[in-house]
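Participant: no FASTA, just this:
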């Protein structure tokens with residue numbers, strides 16, 4: 001792909017150039033929230049996600065303050081794979 005000048009208006013891009021640029025943009029969030037989010041990451045039920053969280057294997061990927069839980073998706077999957 002040729003280098004595209006960042007000052008080029010979007011309407012001047014070809015479809016190929018636009019698709020190449022849009023592939024580089026990540027709209028996916030790096031974090032999930034709560035036990036539902038953990039269950040979504042692991043592809044399991046909320047109760048199973050709660051069991052896995054309580055084992056402590058994902059502690060490095062989870063930040064918790066009271067009832068608020070924030071999970072780093074990539075780190076959680078890496079730690080779960082090492083289990």
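Facilitator: Sure thing, it's come through. As the structure is a computational prediction, the values presented were derived from the model and not from experiment.

Participant: report pLDDT for the residue nearest the centre of the chain.
Facilitator: Closest to where the C-alpha atoms of the chain average out (C-alpha atoms, centre = their mean) is residue 30, at 3.3 Å. Looking at residue 30, its pLDDT reads 90.

Participant: wait, doesn't it sit right on residue 71?
Facilitator: No - assessed by C-beta atoms under 8 Å, residue 30 is found out of contact with residue 71, at 9.8 Å. Heads up, the C-betas are built off the backbone N, CA and C, glycines and all.

Participant: what is the least confident helix or strand in this structure?
Facilitator: Sorting the helices and strands of the chain by mean pLDDT, DSSP states H and E puts helix 15-24 at the bottom, at a mean of 85.

Participant: show residues contacting that helix.
Facilitator: 1-2, 4, 10, 13 (C-beta atoms under 8 Å, 6 or more residues apart in numbering).

Participant: which of those sits closest to residue 61?
Facilitator: Nearest to residue 61 out of the contacts of helix 15-24 is residue 1 (C-beta to C-beta; 34.7 Å).

Participant: tell me the spacing between the closest residue to residue 33 other than its chain neighbours and residue 56.
Facilitator: Once flanking residues are discounted, residue 33 sits nearest to residue 70: 5.9 Å by C-beta to C-beta, 6 or more residues apart in numbering. Distance, residue 70 to residue 56, by C-beta to C-beta, to the nearest Å: 17 Å.

Participant: looking at the two, which is more packed in?
Facilitator: Per other C-beta atoms under 10 Å, whichever of residue 70 and residue 56 has more neighbours is residue 70, with 14 against 9.

Participant: verify the stated contact: the more buried one with residue 30.
Facilitator: No - using C-beta under 8 Å, residue 70 makes no contact with residue 30, being 10.0 Å away.

Participant: list the buried residues of stretch 29-37.
Facilitator: Neighbour-count burial for stretch 29-37 flags 32, 35, 37 (criterion: 16 or more other C-beta atoms under 10 Å).
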